[in-house]
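# The following comprises the amino acid sequence and a computationally predicted model.
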Amino acid sequence: MPKEQGNSKKTAKLRALDFFCGAGGVTCGFRQVGINVIGGIDIDQGLKDTYELNNPGSKFLRSDIGSLEKEEVSQFFGIDPWDDTLIFVGCSPCQHFTNLKTDKTKSRKTRLLLEDFQEFVSHFMPGFVFIENVPGLETKKKISPLSRFKKFLKKKNYAFNDGVLNAKYFGVPQNRKRYVLIASRLEEKIELPEENRINVKSVKDAIGNQQLYPPIEAGHKDQTHYNHSAAALSALNLKRIKKTPINGGDRRSWADDPELQLNCYKNHTGHYDVYGRMKWEEPSPALTTRFCSYSNGRYGHPVQNRAISLREGAAIQSFPPEYLFYSNNQGTVAKMIGNAVPPKLAANIGAHLQNIFTNS
């Protein structure tokens, strides 16, 4: 196989290009372990400030990769084919393959983004490839392009390994199962990083520090980009959460109250997490882009009468407190955070790739 010329492993440093970079979860995590993330690519121009201001030196390119030219990527980021030190990250939007029962109509055109990403891998042949997505990318084989991508990797002599990992075993205080694939053309065999099931982080570990996350009321608006803002609650929802026991209670506590019970749940069992509170001593449930809404899952604060704030959601995703989100729209910020790859998961993947590279 072609190798990078004149590059000693003793002095070489891994670099990464973050396709579908979003607000920069992978970029943040990779940088934490010393990987030089040269930049990110995303179709949403509104992400540029959040990405670049939090990750100085990592350049943001606004583009739809379906129409992006390989030469533009080469010139903008200063990369060439067959670079052993280069990681291509392809954590594409995943709504079409999620197990959540949501309308997939709007997400249909995103289902083939992996094939667009594959064209860039084929052209540049980076030393490493990293993909993170919902487990449905693997399990929904009839509609997923994953099997074709794996065949492509084999044809190009990439060794790869894949599987479903839980972010809670990689330092993220969240029960978040994700499909992960890592590949390298420098190896004959490659393994996924091992889960660490000791000292799993809890919600209290993430947001229990009242100096970082002072008590606030529902509807509080933080006027800074720190975004310790909580969504407002209707009078009825405020009554509901006040009647929900602290530290893990759910909607069953007011199921017999005719004023508070919802018609859709009168003869329905299950889905108890809806209108529920998080538990201090356990990881949170998986965050979605609507984690700031009390009615959309177990997103109630463990003890305060509100949903978790945007900043608390960022902490549960494992973003550091100094990582700021630049938008005045709460829904936009929630989408940035909820869609992100948790930085600590990315950091563990990055450290694993560094170890493989050093020993290859």
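Everything's here; your move.
# Do a quick rundown of the strands in the protein.
15-19, 36-42, 59-62, 86-90, 128-133, 159-166, 174-175, 177-184, 284-285 (DSSP state E).
# and these as JSON lines, adding mean pLDDT?
JSON lines is the format used below for the strands of the chain (pLDDT from 0 to 100):
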{"stretch": "strand 15-19", "mean pLDDT": "98"}
{"stretch": "strand 36-42", "mean pLDDT": "98"}
{"stretch": "strand 59-62", "mean pLDDT": "98"}
{"stretch": "strand 86-90", "mean pLDDT": "98"}
{"stretch": "strand 128-133", "mean pLDDT": "97"}
{"stretch": "strand 159-166", "mean pLDDT": "97"}
{"stretch": "strand 174-175", "mean pLDDT": "98"}
{"stretch": "strand 177-184", "mean pLDDT": "97"}
{"stretch": "strand 284-285", "mean pLDDT": "96"}
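# Quick one: those as JSON lines, columns for mean neighbour count too.
In short, each C-beta sits where N, CA and C put it, glycine included. Below are these laid out as JSON lines (neighbours: other Cβ atoms under 10 Å):
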{"stretch": "strand 15-19", "mean neighbour count": "26"}
{"stretch": "strand 36-42", "mean neighbour count": "22"}
{"stretch": "strand 59-62", "mean neighbour count": "18"}
{"stretch": "strand 86-90", "mean neighbour count": "24"}
{"stretch": "strand 128-133", "mean neighbour count": "25"}
{"stretch": "strand 159-166", "mean neighbour count": "17"}
{"stretch": "strand 174-175", "mean neighbour count": "20"}
{"stretch": "strand 177-184", "mean neighbour count": "22"}
{"stretch": "strand 284-285", "mean neighbour count": "24"}
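# Quick one: closest of those to Gly208.
strand 284-285 (12.3 Å; Cβ to Cβ).
# Identify the residues contacting the closest one?
For strand 284-285, the surrounding residues in contact (Cβ atoms under 8 Å, 6 or more residues apart in numbering) are Pro173, Gln174, Asn175, Val203, Ala206, Asp273, Met278, Gly297, Arg298, Tyr299, Ile316.
# What separation is there between the last one and Thr289?
Put plainly, it is Ile316. Shown here: Ile316 relative to Thr289, a distance of 14 Å by Cβ to Cβ, to the nearest Å.
# Between those two, tell me which one has more neighbours.
Higher neighbour count among Ile316 and Thr289: Ile316, with 28 against 18, using other Cβ atoms under 10 Å.
# Do I have it right that Ala167 meets Pro343?
No: contact criterion Cβ atoms under 8 Å: Ala167 and Pro343 do not qualify, at 10.3 Å.
# one step back: okay if I get the contacts of strand 284-285 as TSV plus distance to Lys239?
Formatted as TSV, these follow (distance: Cβ to Cβ, whole Å):
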residue	distance to Lys239
Pro173	29
Gln174	29
Asn175	29
Val203	24
Ala206	28
Asp273	19
Met278	20
Gly297	19
Arg298	19
Tyr299	18
Ile316	26
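# Of those, which pair is most distant in space?
Spatial extent of the contacts of strand 284-285 (Cβ to Cβ) is set by the pair Ala206 and Asp273 at 18.1 Å.
# And these two? Which one has more around it.
Using other Cβ under 10 Å, the more surrounded residue of Ala206 and Asp273 is Ala206, with 24 against 16.
# and the more buried one, what pLDDT?
At Ala206, the pLDDT value in this model is 98.
# which residue packs closest to it, ignoring adjacent ones?
Pro173 (4.1 Å; Cβ to Cβ, 6 or more residues apart in numbering).
# Burial check on that neighbour, number of neighbours?
Counted with other Cβ under 10 Å, residues neighbouring Pro173 total 25.
# tell me the contacts of it?
Val200, Lys201, Ser202, Val203, Asp205, Ala206, Pro283, Ser284, Ala315, Ile316, Ser318.
# of all those, which two lie farthest apart?
Every pair of these checked by Cβ to Cβ; the farthest is Val200 and Ala315, at 15.7 Å.
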